[in-house]
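Colleague: Generate a structure from the sequence data that follows.
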Amino acid sequence: MNTNMPWNGGEMRFSAKIGSAIFALILGSTQAIAQSFMPALQQAIEGARKEGALTLSYGSAHDGAQGAERLRDRINKKYGTNLKFTFAPGPSGPEMAARIAQEAAAGKAASTDIFFTSMTNENARLFEEIDWRDYLPDLPAEAMKYNKHGVAFATLLIGITYNTALVSPDKAPQALTDLLKPEWKGKVAARVSTTFMAYLALPEVLGPEGAVDFFRKLGAQADGQIRCGSSERISSGEFLAFFPDCGDYEARKGQRTGAPLGHIIPREAGGVAVWPIGIPRNSAHPNAARLFVTYMLSREGQDFLWDSDATDYWRLPGSRIAPEMDKYRARGVNFIDQTQLESDRPDLLNVQAQMFQALQQGLAK
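Modeller: Prediction:
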């Protein structure tokens, strides 16, 4: 028995050394990963671990509840956290902004830690001012919107969506003026708003008077109005075309499921709108929210967005939308950053409101 004791002790010491080595390797790997993050991001990771949760409320974007689960798993893996995501379907963007404002005024935490799609000059003050280059040093400065209260993470190319089964490509409208031709009367749907349309009022496009006049004529030409997310009303043939649509991503998503949808950027100009994402000042989990936003701006997050929503942010490396924009530019289309225009030229928002009034006047005739 005694002759075996030294060997057993050596085995134990050897095992202990192996265990220590493995622990050191794991610890070293963890530290190496941590050191690869920017200090601000590392601080957010530590804060998120203490918060332990993230509350999300939005519509069908990002594949809804199932998408939220996939994002939870990916974010936890990337940042070494164990966050619990709580998702609840939410109202429209403007309605959610109003709810966040009411909650802030009452001293309550926001219903969602993340807000996107409907940030404006008016409601931007509800959200934290953050320089996201502290988290992602290669992020283009142009990505930050509304004085850094929001950051762009998805692109919307505003144009004309049409039914490819009932309208051949050579007959599809290529310009705004085509929509006003007699053959399109009663076959066009107009959006329920003129959001993202201020760029048409620029002198190099239609000009203020020309843009208002166009929407008055479009209203008289249209057979009704539809909301964003209603592309099935085009693919079903209820309407043959839809302008202004809510972005090329809706047609692309429909195409993936076999829907007969096409998308055209009018010759006059292309409006580039974005989804700005922001964190409410009254967020219950501001650090976890920072991880969510940082992830969505990463290459992995952008790939997720392309798979779930058929879009990404055109200014980020590896964008799938950017090459599509280049194809249009080669045909002479000039793209105008609508979201930036709203910040630089808030006066054009008054013209945009006049466009809406003109559209309603046309529809009433």
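
Colleague: Would you state the strands of this structure in chain order?
Modeller: Per DSSP state E, the chain carries strands over the ranges 53-58, 84-89, 115-116, 144-145, 150-158, 160-163, 188-191, 224-226, 241-242, 261-264, 270-278, 335-337.

Colleague: Convert the fifth one to CSV, retaining C-alpha atoms only.
Modeller: The C-alpha coordinates for strand 150-158 follow below in CSV (Å, rounded to 0.1, in the frame of the first residue of the first chain):
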residue,chain,number,x,y,z
GLY,A,150,-29.8,57.7,-32.8
VAL,A,151,-27.6,55.7,-35.1
ALA,A,152,-28.5,54.2,-38.5
PHE,A,153,-28.5,50.5,-38.8
ALA,A,154,-30.8,49.7,-41.7
THR,A,155,-31.4,51.3,-45.2
LEU,A,156,-34.7,52.0,-46.9
LEU,A,157,-34.6,52.8,-50.6
ILE,A,158,-37.9,54.5,-51.3
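
Colleague: strands paired with it, and their directions?
Modeller: Within its sheet, and counting by DSSP bridges, strand 150-158 is paired with strand 144-145 (antiparallel), strand 270-278 (antiparallel).

Colleague: Could you export the ones you listed as TSV, including mean pLDDT, mean neighbour count and distance to residue 103?
Modeller: Where C-beta positions appear, they are placed from N, C-alpha and C, glycine not excepted. Shown next, in TSV, are the strands paired with strand 150-158 (pLDDT from 0 to 100; neighbours: other CB atoms under 10 Å; distance: least, CB to CB, whole Å):
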stretch	mean pLDDT	mean neighbour count	distance to residue 103
strand 144-145	94	21	23
strand 270-278	94	25	15
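
Colleague: so which of the ones you listed gets nearest residue 243?
Modeller: Closest approach to residue 243 among those is made by strand 270-278 (11.2 Å; CB to CB).

Colleague: how many other residues sit next to residue 347?
Modeller: Close neighbours of residue 347, defined as other CB atoms under 10 Å, add up to 10.

Colleague: swap that for residue 209, please
Modeller: 11.

Colleague: likewise residue 61?
Modeller: Residue 61: 18 surrounding residues under other CB under 10 Å.

Colleague: Per-residue pLDDT of the closest residue to it other than its chain neighbours, please?
Modeller: Leaving aside its sequence neighbours, residue 61 sits nearest to residue 309 (CB to CB, 6 or more residues apart in numbering; 5.9 Å). Residue 309 is assigned 95 on the pLDDT scale.
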